[in-house]
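In: Below: sequence and its predicted model.
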Amino acid sequence: MYIVLSMVGAILGGGMSFLIRLELMDPGLQLLHDQQFYNVLVTAHGFLMVFFVVMPAMIGGFGNWFVPLMIGAPDMAFPRMNNISFWLLAAAILLMVIAAFTQGGPGTGWFITTIFNMRAPGLTMHRMPLFVWAILVTAFLLLLAIPVLAGALTMLLTDRNFGTAFFKVAQGGDPILWQHLFWFFGHPEVYIIIIPAFGIISQVVSTFSKKPVFGYLGMAYAMVSIGFIGFIVWAHHMYTVGLNVDTRAYFIAATMVIAVPTGIKIFSWLATMWGGSIEFKTPMLFAIGFIWLFVMGGVTGVALANSGLDLAFHDTYFVVAHFHYVMAIAAVFGMFAAFYYWIGKMCGRQYSEVLGQIHFWLFFVGVNVLFFPQHFLGMAGMPRRIADYPDVYHGWNYISSIGSYITTGATLFFFFIVWRTFTAGEKAAANPWGEGATTLEWSVASPAPFHTHEDLPDMTGTQPAE
Amino acid sequence: MLKTMRFLAPAAALGGVFTARDALAGQGLPKPWQMWFQEPASPVMERIMEFHDLVFAIEVAIVLLVLGIMAYIVVRFNHKANPAPSKNTHNTLLEVIWTVIPIIILVVIAVPSFKLLYFADKIEKADMTLKVIGNQWFWSYTYPDQGDIQFDSIIVAAEDLKPGQPRLLTVDNKVVLPVDTNIRLLFTSNDVIHNWAVPAFGLKLDASPGRINESWVRITSEGDYFGMCSELCGVNHAFMPVHVQAVSKAKFAEWAAAQKKAAAGGRNDKFKVVQAEKPAR
Ligand SMILES: [Cu+2]
């Protein structure tokens, strides 16, 4: 259900991004005659994609489904609460249209409970599949970050409606405070989005290389430390607000530290593949695509971490390219990898390998044509969030919009694949991936029955994680 | 390689698709198909570019390394080439290496980064000051050292442009500044947060209501320089450009004297702080 919801969100959010690129294809205002409407589109595209596509699919969808399966529990702890959170989210997607996004993340707290208390005996923390680790870290981040957002939003609402002055200068408030609060939530939020994808990629890479994950402990603790550092770097979004120079020096240092655990993850994935016997099935292609996008976005991230360079990059298309590579499109690749990897387990029917691979190549080419030229636009100085731009920026905008056509086409093709899978897909075996797929979910039939592990499977002594 | 990339403005064939207006290019303005920074016109921007060359070289090296490893893996470890997977999951030495080397690289980046940060921040001894005030949706400027000359700078609508003036970047009253002068810049705003940016100067700082931010610039060559508001500030955010004209010190003194005289004579309606009408479009 979360996944269906997230597809609806994707149609809306993706459609908006297509409109944005249509408008930006040529200089001058053509499609949208109103900059205000453009601003609304950009903001809504971001919120929809983050809160109603990636988060429900990753955490609500794949998380809810596979965390209990993978740790050998019958269902999530607090199933009722979990259900309510789905319907709250569905309601929120409607309210979203009038920008009343009050319900942020689906099921969070109970993931921690589930994972800590409902693991199969013998499945120690250090044997949990990395996807489970990823969801655990994510749940902690959500738990800590969402209250700050809720608090900041409350302050904003009372400012607007009840005459308080948290952020209003005329009455002694400070808009910079809003920025601090927003980014204190906002930065962990990017990790909330990407960390589940880390988990998925680890599972997929290991399965198709027919090898256990390389450096398992390093991987798990890299996620934990990325999650932790994520909370102390928020002001790197604010290098140009006029912060004290020493403060900026601190945030530069803290931000660059993130590159270390990130590097550990990338090299461990490569090392997992090294020496493997790799089958390049669709989920694996998306996983490799993910690594490419993540490395690209990662290195531009190292550049952006420097306040000095940010004088040139801040609020330009360079930033747009960076975060789409490192988190937005990378997360989408994670979702596609998860979809192709687990769809057989979820609906009992397998996707078509040929169609899946065509989808991968279309989508991969599309997003790179779409976002790579935006690095050039940013370096040349084109600001973000403008509906019309000086004519010198025409060329790369035109190319970028062509990329958006390809990406949109690839996404429509994906929906066709989903439809084909459900109507004409072959029956999926319990374990379609062979010897490489060793986690618990592959030990049960496809589709996975309700309340799969009524009796806790005994994991003592079996399947060492490394 | 880095140097040549900077001037790459290729795709002449594709370029033909676009209108003649695109050919418009001047100083302080990127060229069509530009893939790199604009020409630097201040010591800060020169240092930004120098530092970025270092960072960029590191970025390229990392990307090539990862691509190389991936290509090797695809060729060597696909299931046909290597039917029996190894079960190798550990190599402590390797893991230490890929933790330590990134740390070393980060230190290599951090040292020049901090130098640049402190260099770009403020100037101790300034020769003059320019106050920049953000408004929805135009900039106001004050010259406290030149007898408080002040004026608003409002975008020129597309249909009123003279040939050679770039669309969305041309204003009615441009900011005239002398070259080779250390200029202190003070930023604030009358309404919401704006951001005054000129890419060729490596300059970008918020103009925030209720606070004054400080930066500086030393312009190295005469010419016209353009920038745009770089913090979303409302409906006409895209239509409040920055246009700086850098002139010789002598010319600047002349200009300032003329402005002061005009203001004293009360004849200069043009430069009185006027309530700006809505910018065009
Ligand atoms: Cu503005």
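Out: Done, it's in. Everything quoted here is computed from the prediction, not taken from an experiment. Residues are numbered from 1 along each chain as shown, chains lettered A, B, ... in the order given.
In: Now do the strands in the chain.
Out: This is for chain A. For chain A, the strands defined by DSSP state E cover A:349-350, A:426-427.
In: I was after chain B.
Out: Shown for chain B, the strands assigned by DSSP E span residues B:128-135, B:138-143, B:149-153, B:175-178, B:183-189, B:194-198, B:203-207, B:213-217, B:223-227, B:242-247.
In: Just the buried positions in the fourth one, please.
Out: Within strand B:175-178, the residues that qualify as buried are B:175-178, counting by 16 or more other C-beta atoms under 10 Å in any protein chain shown. All C-beta atoms are positioned from the backbone trio N, CA, C, and that covers glycine.
In: Which neighbours in the sheet does it have, and how are they oriented?
Out: The pairing partners recorded for strand B:175-178 under DSSP bridges are strand B:242-247 (parallel).
In: repeat for the longest one
Out: Paired neighbours of strand B:128-135 in the sheet (DSSP bridges): strand B:138-143 (antiparallel), strand B:183-189 (parallel).
In: Which residue comes closest to A:P261 once chain neighbours are left out?
Out: Using C-beta to C-beta, 6 or more residues apart in numbering or on different chains and skipping the chain neighbours, the partner closest in space to A:P261 is A:A222 (3.8 Å).
In: State the distance from the one you found to A:T407.
Out: Using C-beta to C-beta, to the nearest Å, A:A222 is found at 30 Å from A:T407.
In: The two: who's more crowded?
Out: For the pair A:A222 and A:T407, the greater number of neighbours falls to A:T407 (26 against 22), based on other C-beta atoms under 10 Å in any protein chain shown.
In: Verify the stated contact: the more buried one with A:F364.
Out: No - at 9.6 Å, A:T407 does not count as touching A:F364 under the criterion of C-beta atoms under 8 Å.
In: tell me the pLDDT at B:P163?
Out: Per-residue pLDDT puts B:P163 at 84.
In: I should have written A:P188 there, sorry.
Out: 72.
In: So what touches stretch A:252-266?
Out: Residues from elsewhere that reach stretch A:252-266 (C-beta atoms under 8 Å, 6 or more residues apart in numbering or on different chains): A:198, A:215, A:218-219, A:221-223, A:225-226, A:229-230, A:232-233, A:236, A:291, A:294-295, A:298, A:301-302, A:305-307, B:66, B:95, B:98-99, B:102-103, B:106, B:109-110, B:113-114, B:117.
In: Please spell out which residues along that stretch are buried.
Out: A:252, A:254-266.
In: before we move on, the earlier item: got JSON lines for the strands paired with strand B:128-135, with distance to the ion, mean pLDDT and mean neighbour count too?
Out: Formatted as JSON lines, the strands paired with strand B:128-135 follow (distance: least, C-beta to the ion, whole Å; pLDDT from 0 to 100; neighbours: other C-beta atoms under 10 Å in any protein chain shown):
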{"stretch": "strand B:138-143", "distance to the ion": "8", "mean pLDDT": "95", "mean neighbour count": "21"}
{"stretch": "strand B:183-189", "distance to the ion": "8", "mean pLDDT": "94", "mean neighbour count": "21"}
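In: among those, which is nearest A:T439?
Out: Closest approach to A:T439 among these is made by strand B:183-189 (54.9 Å; C-beta to C-beta).
In: any idea how far the ion is from A:V369?
Out: 31 Å (C-beta to the ion, to the nearest Å).
In: What residues does the spatially closest residue to that residue that is not a sequence neighbour make contact with?
Out: Distances taken as C-beta to C-beta, 6+ apart place A:G403 nearest to A:V369, at 3.2 Å, with adjacent residues excluded. The contact partners of A:G403, by C-beta under 8 Å, 6+ apart, come to A:366-371, A:373.
In: of those, closest to chain B?
Out: Taking C-beta to the nearest C-beta as the measure, A:P373 is the one of the contacts of A:G403 closest to chain B, at 8.5 Å.
In: That closest one touches A:S400, doesn't it?
Out: Yes - contact criterion C-beta under 8 Å: A:P373 and A:S400 qualify, at 4.9 Å.
In: and the longest helix along chain A, what other elements does it pack with?
Out: Ranked by number of residues, the top helix in chain A under DSSP state H is helix A:175-209. Counting by 3 or more C-beta pairs under 8 Å, 6 or more residues apart in numbering or on different chains; DSSP states H and E, the packing neighbours recorded for helix A:175-209 are helix A:130-162, helix A:216-229, helix A:259-273, helix A:282-304, helix A:330-347.
In: what's the angle from that helix to helix A:216-229?
Out: Calculated by axes from the mean of the first three to the mean of the last three C-alpha atoms, to 10 degrees, helix A:175-209 forms an angle of 170 degrees with helix A:216-229.
In: Quick check: the gap between the closest residue to A:F372 other than its chain neighbours and chain B.
Out: Closest residue to A:F372 apart from its sequence neighbours, by C-beta to C-beta, 6+ apart: A:A321 at 7.1 Å. Distance of A:A321 to chain B, given as C-beta to the nearest C-beta, to the nearest Å: 12 Å.
In: Quick one: neighbours of A:A321, just the number.
Out: 25.
In: pLDDT score for it?
Out: Model confidence at A:A321, given as pLDDT, is 93.
In: Likewise for A:V8?
Out: A:V8 is given a pLDDT of 69.
In: Does A:F214 touch A:G275 like I think?
Out: No - using C-beta under 8 Å, A:F214 is not in contact with A:G275; the gap is 9.1 Å.
In: so what's the residue nearest the centre of chain B scoring on pLDDT?
Out: Taking C-alpha atoms, centre = their mean, the centroid of chain B lies closest to B:P199, which sits 1.9 Å from it. pLDDT recorded at B:P199 is 94.
In: Now do the same contact list for the closest residue to it other than its chain neighbours.
Out: Nearest residue to B:P199, sequence neighbours excluded (C-beta to C-beta, 6+ apart): A:G381, at 3.6 Å. Contact analysis of A:G381 by C-beta under 8 Å, 6+ apart lists A:312, A:316, B:30, B:37-38, B:197, B:199, B:227-228.
In: Out of these, which one has the lowest pLDDT?
Out: B:P30 (85).
In: Distance check, that residue against chain A.
Out: 4 Å.
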